[in-house]
Structures are given as structure tokens and as C-alpha cells.
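Colleague: I would like the atomic coordinates for the input below:
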Amino acid sequence: MSSPAGSRVWVACPLAGAVLAVLAGLGLLARAGRTPAGVPPDLARTVLELRTREPVYHRTVGRLSERWAPALAARFPRVLGVRSVAALRRLEACHRLVALGPAAMPALRMLVQAFCDGDHDVRAYAFISLVHVQAPAARVAALIKESSGDPEVQAIHCARLLADEDDLTRDYAWALLGWLGANGEATAAVLETMASQTYDARLAQRAAALLSRGVRPDTGVPPVVGLAEKPRLSD
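Modeller: This is a model prediction of the structure:
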């Protein structure tokens, strides 16, 4: 025979699950309410999935275990499969956006918001999506500067991608950084390291050009020779 306390636990578990489901639904509604006009619902949902997070209670347990039980923290993602599920949803969303290409342009503002996210993985997937959507670098830079975040974060991200193995990624990072400007100390530090290396002459030239020319404050136009609105496959 079960004890009264045990009965209360079994009753509380479904109730807690119902409450969490309602809260999750309200969260989805709130996010849907922020969808810009003119963005098809399916496309909006795909972009929102780029910013998938593991549930709050799982994040809390993960942080506590990292603080007090590192051994448990190492096993936590594998045991619950939470972070892997969130990462999979982000990856699948990125693949869908890459496949859509320029057809995803109506969600440009949402993609830029994802690129301004505080999570590094979200920014990475959003950047890949922007590359394949072929979003004009000047427009993307303008939207970044309109956001409430710090454009330096995106500038550093672009600076590091100048050395990426993928040609399209490198060229788009080069174009976007030209419009954002390399005026921040952290961005300049990354570029100085790249400009001083000797294993990649093209990378050194690009880094040096961004360091020496930056962005003209009177027009906001990058005076880097050959910098196009869209990434090019070659200089």
C-alpha cells in the first residue's frame, strides 16, 4: 500500500508536467508574437529554432552540477540527452535555411537577431544561414547596429572567421567586417595576430587592410578596395 506522501508525489508529478507544458506554450506564443510582418510562419519557426534552448530546469541542474559536482556535469548531457537535442534542432534549422538560400530573405531581420544572440552556437548557425541566404553585408551591418547589443561581439566573430576553411564563410566575414568596422580593441587584437602571421598571405593582407582603413565615420562606408555588398568568391 502506498503512503499518503507517495500518493501526493504521484499526483504532483503530472501537475508539474502540465504546468511546464502550459508555460512552454505561452513562451512559444510570446515568441510567435514577435515575428515580423511579412515572414511566412514556417520560415519564422525555422529561424526561431536556431535559438533553441534546453529547458530552464535542465540548465539549472547542469550549472549546479558544474559548480558542485564536475563528474556529474561531465555525464549530465549524455544522461538526459537535453543539450544534444537542442543542438540537433539548431543544426536542422540551419540546414533548412541553407537549403532555402535567398528564399529565406524575408526573415533577414530575424536572422540578424539570432546573430546578435548571446549564445555562441546560435551566432555561428545564424552566420552560416546569412552566408547562404546571400544577405547584403551592408544591410546586415546596419541591422546589427540598430540592435540593442554590442556590435563588437559580431565584429570579433567575423574577424575570427577570416581564417575559416570555407571560402564563402571567409569572404562573407570579410565583407561584413568591412561594414561593421574593426574599431574595437578586441577585434583589433584578433586582426593584429592574423596580420602578423606568415602562413597565409591573403589573410594577412585582409587583416592589415581592415586595421589600417576601418570605416569612414562620415559615411559609414568601408574604404576597403573591392569590398562588395555581397560576398565574392575571389578578390
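
Colleague: neighbours around the residue nearest to residue 182 when sequence neighbours are not counted, how many?
Modeller: Using Cβ to Cβ, 6 or more residues apart in numbering and skipping the chain neighbours, the partner closest in space to residue 182 is residue 210 (4.5 Å). In this view, the C-beta of every residue, glycine as well, is placed from N, C-alpha and C. Using other Cβ atoms under 10 Å, residue 210 has 29 neighbouring residues.

Colleague: any idea how far residue 92 lies from residue 160?
Modeller: In this view, residue 92 and residue 160 are 25 Å apart by Cβ to Cβ, to the nearest Å.

Colleague: My error: substitute residue 137 in the last question.
Modeller: 17 Å.

Colleague: now swap in residue 129 and tell me
Modeller: 18 Å.

Colleague: for the protein, which spans come out with low pLDDT?
Modeller: Applying pLDDT under 70 to the chain picks out residues 1-35, 54-84, 213-235.

Colleague: Can you show me the helices along it?
Modeller: 4-33, 41-49, 56-68, 70-80, 82-100, 108-115, 120-133, 137-146, 151-161, 167-180, 185-196, 201-213 (DSSP state H).

Colleague: More neighbours: which of residue 129 and residue 160?
Modeller: Between residue 129 and residue 160, counting by other Cβ under 10 Å, residue 129 is the more crowded of the two (26 against 14).

Colleague: ok, how many other residues are close to residue 86?
Modeller: 21.

Colleague: same thing with the one 5 residues further on?
Modeller: For residue 91, the neighbour count with other Cβ under 10 Å is 15.

Colleague: Tell me who's in contact with residue 38.
Modeller: residue 106 (Cβ atoms under 8 Å, 6 or more residues apart in numbering).

Colleague: residues contacting the nearest residue to residue 129 once chain neighbours are set aside?
Modeller: Distances taken as Cβ to Cβ, 6+ apart put residue 97 closest to residue 129, at 4.0 Å, once the chain neighbours are dropped. Counting by Cβ under 8 Å, 6+ apart, residue 97 makes contact with 46, 47, 50, 104, 111, 129, 132, 133.

Colleague: so the last one touches residue 99, yeah?
Modeller: No: the pair residue 133 and residue 99 does not pass the contact test of Cβ atoms under 8 Å, sitting 10.8 Å apart.

Colleague: Looking at those two, which one has more neighbours?
Modeller: residue 133 (20 against 10).

Colleague: and the closest residue to the more buried one other than its chain neighbours, how many residues sit next to it?
Modeller: Take residue 133 and drop its neighbours on the chain: the residue closest to it by Cβ to Cβ, 6+ apart is residue 104, 4.8 Å away. Neighbour count for residue 104, taken as other Cβ under 10 Å: 25.
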